[in-house]
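Participant: Quick one, structure for this:
(chains A and B)
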Protein chains: 2
Amino acid sequence: MTGLDQQTASIYAPIQTHLDQVDATLAGLCRNDRPELLPLLDHVLNSGGKRIRPAITLLAAAFYPHDPKNPIIMAAAVELLHLAALIHDDTVDDSDLRRGKATVSNQWGKHVAVLFGDYVFATSATFVCDTDNIRVVRRFSETIMELASGELVEVFNAFDPAQARDMYLDRIYRKTASLFCTSAETGSILGGAPEPQIQALKDYGYNIGMAFQIVDDLLDVHGDAAKLGKPVGADLLQGVLTLPTIMLMERYPDDNPIASLFKDPTQDGKVQEILELIKNAGIIEDCYAIIREYSEKASRCLDILPECDARVSLLKLCDYIWERSR
Amino acid sequence: MTGLDQQTASIYAPIQTHLDQVDATLAGLCRNDRPELLPLLDHVLNSGGKRIRPAITLLAAAFYPHDPKNPIIMAAAVELLHLAALIHDDTVDDSDLRRGKATVSNQWGKHVAVLFGDYVFATSATFVCDTDNIRVVRRFSETIMELASGELVEVFNAFDPAQARDMYLDRIYRKTASLFCTSAETGSILGGAPEPQIQALKDYGYNIGMAFQIVDDLLDVHGDAAKLGKPVGADLLQGVLTLPTIMLMERYPDDNPIASLFKDPTQDGKVQEILELIKNAGIIEDCYAIIREYSEKASRCLDILPECDARVSLLKLCDYIWERSR
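Facilitator: Residues are numbered from 1 along each chain as shown, chains lettered A, B, ... in the order given. Model (predicted):
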């Protein structure tokens, strides 16, 4: 087991038996579904994700006495929604590999990937209906809207250097933090939390989700290509602005190296030059500081929640996300 | 006004004011939504559909006293779901035009079309949540699964002549009749119909939906290319079996002209030859007979419903769908 694996095992410990039931629920799809879809479902469900979102749902549910049935279904739905979004994102981004395995669009073609993504989205929604809780169903549908609109704005704004930090924060809320938010919020609703505690867990999800995405952004300029499974600078090559690149633009308003790259993305060595500039300008450290801020805000959201193992795990999760970036 | 337009106006008359509110609800999206999405929403909402599905929802709701608010929201959701499915279908089918207008994938690219389709799917689901009726939300999600799996099977089975009639019927139920079914069923649930009448309207939707798709199939082998806005034989060229082509295979089990086409789709004049064979073998008439059967079954489903204007309209709709094919 790697260090990070050991860490998630310890974070997931209070809800591990429920998380196993989430996996069993998802595996059940492969037994009951239409035969044509089995190879696709099998491929997607066994692609080795860390199950962070369903774990958040289960941990957020674990503060008050409740029947675990609904949080387990909800956690399965949250993971399915995440997988559906990945299927479409990989299709849109022309990605060949995800976690070292062929993407659905690579293996079965884009047409199948579009329709199969729709199918997985819809399956996740029927799971949520099984909770019989319309508030939760509504949050779930709104989250799909946010995910899709966040990704759309990313496509629309590609190679446009005229994006300020607030646009960036709104975009990453929608494409990433929204689902973390909803994972925590729906877990706490279905776990029977009182309203102020629901709000606190929702805010926890928001802050940890923002931190999660900025860590991803940092890894793109600073990570290990082999560990990432994609080249460093991939976002820049796709014309996508991230926090480090926006900070660089803020420092060089007049002689903006990103604008120069976006004007002619074929320039040899330009991406490398930008990555060096980011490192030398102390931007990596500034990003760490912002990640730490979100992570600390997430921790403080838990102040009003009862002390218990789930609370300890959610606090540890803040550190875990932070450490992913080091 | 054309003959068909006059006919729909008369069919829609009992619910025209509610149908106008459906249009107003949909147009409201263009006022309230994110600015980046407005040109896309405007494009899709003003593409001149006949609004048959929302009309069915409203007519199915009109038999018993009820607050029209929920059926109107539901009808808007049903139309949005149909539009979302068209966005993805056109993307998957590489279609450049729909009703004489550029498709979303043609005008904005496939990547935007995938994500915008997701957005419209999710928007339709949030509409359904506004009915606060979890039974209806569940049927709606299941319908998206059926639509996607129907389209997937069509892609998987393209250019495979080993498809029997029962596979075909299952496929067109999923890709077309399912949404007609759900339009009628959810309308009747939200309109306060008793359970046997809900079942009857659901069966009506099933039968009229099956008739609708077989009419489409017939138009593909027998229609007017100018009126269709696509070449005759388009399904065959895409390797999609329809009722007329399946019937042709049933008549020539040993010397199957479709299998020969699918083996080498580039053969000059082969599609034309097959279309001639279909006409000369009396298959068009046999298809008409099957459409009439579904249409009569749909009419009979209404026997247990109270006599009223809505019932007259639903009966007229059976004739209307039938006459589209002549």
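
Participant: C-alpha only now, for contacts and for neighbours.
Facilitator: Fine.

Participant: Residue A:111 touches residue B:88, doesn't it?
Facilitator: No - with contact taken as C-alpha atoms under 8 Å, residue A:111 and residue B:88 are classed as non-touching, separated by 9.0 Å.

Participant: Those two - which one has more neighbours?
Facilitator: When residue A:111 is set against residue B:88 and neighbours are counted by other C-alpha atoms under 10 Å in any protein chain shown, the residue ahead is residue B:88, at 27 against 21.

Participant: isn't the more buried one right next to residue B:115, touching?
Facilitator: No - in terms of C-alpha under 8 Å, residue B:88 does not count as a neighbour of residue B:115; the distance is 9.2 Å.

Participant: In which helix or strand does the nearest residue in space to residue A:234 that is not next to it in sequence reside?
Facilitator: Computed as C-alpha to C-alpha, 6 or more residues apart in numbering or on different chains, the closest residue to residue A:234 that is not its neighbour in sequence is residue A:220, at 6.6 Å. Secondary-structure assignment from DSSP states H and E places residue A:220 in helix A:195-222.

Participant: Would you mind measuring from the nearest residue to residue A:21 once chain neighbours are set aside to residue A:160?
Facilitator: When the adjacent residues along the chain are set aside, residue A:21 lies closest to residue A:72, with 6.9 Å between them (C-alpha to C-alpha, 6+ apart). The gap separating residue A:72 from residue A:160 is 42 Å, by C-alpha to C-alpha, to the nearest Å.

Participant: repeat for residue A:23
Facilitator: Applying C-alpha to C-alpha, one obtains 41 Å for the distance of residue A:23 from residue A:160.

Participant: Then residue A:179?
Facilitator: Computed as C-alpha to C-alpha, the residue A:179 to residue A:160 distance reads 26 Å.

Participant: The two: who's more crowded?
Facilitator: Neighbour totals were compared for residue A:179 and residue A:160, and residue A:179 leads with 27 against 15 (other C-alpha under 10 Å).

Participant: From the chain's centroid, how far away is the strand or helix carrying the more buried one?
Facilitator: For residue A:179, the enclosing helix or strand under DSSP H and E is helix A:178-190. For helix A:178-190, the distance from its own C-alpha centre to the chain's C-alpha centre is 13 Å (C-alpha atoms, centre = their mean, to the nearest Å).

Participant: That one close to chain B?
Facilitator: No - interface with chain B: helix A:178-190 contributes nothing (C-alpha under 8 Å from any C-alpha of the partner chain), its closest point being 13.9 Å away.

Participant: As PDB, could you dump the C-alpha coordinates of that helix?
Facilitator: What follows is helix A:178-190, C-alpha atoms only, in PDB (Å, rounded to 0.1, in the frame of the first residue of the first chain):
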ATOM      1  CA  SER A 178     -20.200  21.700  -7.000                       C
ATOM      2  CA  LEU A 179     -20.200  17.900  -6.900                       C
ATOM      3  CA  PHE A 180     -18.100  17.900  -3.600                       C
ATOM      4  CA  CYS A 181     -20.600  20.300  -2.200                       C
ATOM      5  CA  THR A 182     -23.600  18.200  -3.200                       C
ATOM      6  CA  SER A 183     -21.900  15.000  -2.000                       C
ATOM      7  CA  ALA A 184     -21.600  16.400   1.500                       C
ATOM      8  CA  GLU A 185     -24.900  18.200   1.500                       C
ATOM      9  CA  THR A 186     -27.000  15.300   0.300                       C
ATOM     10  CA  GLY A 187     -25.200  12.900   2.700                       C
ATOM     11  CA  SER A 188     -26.000  15.200   5.600                       C
ATOM     12  CA  ILE A 189     -29.700  15.600   4.500                       C
ATOM     13  CA  LEU A 190     -30.200  11.800   4.200                       C
END
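
Participant: what about it, average pLDDT?
Facilitator: What helix A:178-190 shows for mean pLDDT is 98.

Participant: quick one, it and helix A:195-222 angle?
Facilitator: 160 degrees (axes from the mean of the first three to the mean of the last three C-alpha atoms, to 10 degrees).

Participant: name the helices or strands packed onto helix A:178-190?
Facilitator: Packed against helix A:178-190, as judged by 3 or more C-alpha pairs under 8 Å, 6 or more residues apart in numbering or on different chains; DSSP states H and E, are the following elements: helix A:52-61, helix A:69-92, helix A:134-156, helix A:195-222.

Participant: check whether the third one contacts chain B.
Facilitator: Yes - applying C-alpha under 8 Å from any C-alpha, one finds helix A:134-156 in contact with chain B at A:134, A:137-138, A:141-142, A:144-146, A:148-149, A:151-153, A:155.

Participant: From the opening residue of stretch A:41-57 to its closing one, how far?
Facilitator: The distance separating the two terminal residues of stretch A:41-57, taken as C-alpha to C-alpha, comes to 22 Å.

Participant: helix or strand for residue A:94, which one?
Facilitator: With secondary structure defined by DSSP H and E, residue A:94 is part of neither a helix nor a strand.

Participant: Tell me how many other residues surround it.
Facilitator: By other C-alpha under 10 Å, 14 other residues sit near residue A:94.

Participant: Identify the residues contacting it.
Facilitator: Residues in contact with residue A:94, defined by C-alpha atoms under 8 Å, 6 or more residues apart in numbering or on different chains, are residue A:105.

Participant: Compute the distance between it and residue A:107, please.
Facilitator: Counting by C-alpha to C-alpha, the gap between residue A:94 and residue A:107 amounts to 12 Å.

Participant: for residue A:277, what are its contacts?
Facilitator: If you count contacts by C-alpha under 8 Å, 6+ apart, residue A:277 has them with residue A:248.

Participant: what about it, distance to residue A:250?
Facilitator: Distance of residue A:277 to residue A:250, computed by C-alpha to C-alpha: 13 Å.

Participant: got a list of what residue A:149 touches?
Facilitator: Under the criterion of C-alpha under 8 Å, 6+ apart, the contact partners of residue A:149 comprise A:174-175, B:115-116, B:119.

Participant: Let's have those in CSV, adding neighbour count.
Facilitator: Written out in CSV, the entries for those read as follows (neighbours: other C-alpha atoms under 10 Å in any protein chain shown):
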residue, neighbour count
A:174, 23
A:175, 25
B:115, 27
B:116, 26
B:119, 26
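
Participant: Closest to residue A:79 out of the residues you listed?
Facilitator: Here the nearest of the contacts of residue A:149 to residue A:79, counting by C-alpha to C-alpha, is residue A:175; it sits at 14.9 Å.

Participant: Surely that closest one touches residue A:151?
Facilitator: Yes - counting by C-alpha under 8 Å, a contact exists between residue A:175 and residue A:151, whose distance comes to 6.0 Å.

Participant: Residue A:28: how many residues sit nearby?
Facilitator: A total of 11 residues lie near residue A:28 under the criterion other C-alpha under 10 Å.

Participant: just to revisit the earlier point, okay, the angle between the helix holding residue A:179 and helix A:52-61?
Facilitator: Between helix A:178-190 and helix A:52-61, the angle comes out at 30 degrees (the same axes, to 10 degrees).

Participant: need the contact list for the residue nearest to the spatial centre of chain A.
Facilitator: Geometric centre of chain A, nearest residue: residue A:176, 4.6 Å, by C-alpha atoms, centre = their mean. When contacts are counted by C-alpha under 8 Å, 6+ apart, residue A:176 is found next to A:147, A:209-210, A:213.

Participant: can these go into JSON lines with extra columns for distance to residue A:235?
Facilitator: Written out in JSON lines, the entries for the contacts of residue A:176 read as follows (distance: C-alpha to C-alpha, whole Å):
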{"residue": "A:147", "distance to residue A:235": "18"}
{"residue": "A:209", "distance to residue A:235": "19"}
{"residue": "A:210", "distance to residue A:235": "17"}
{"residue": "A:213", "distance to residue A:235": "13"}
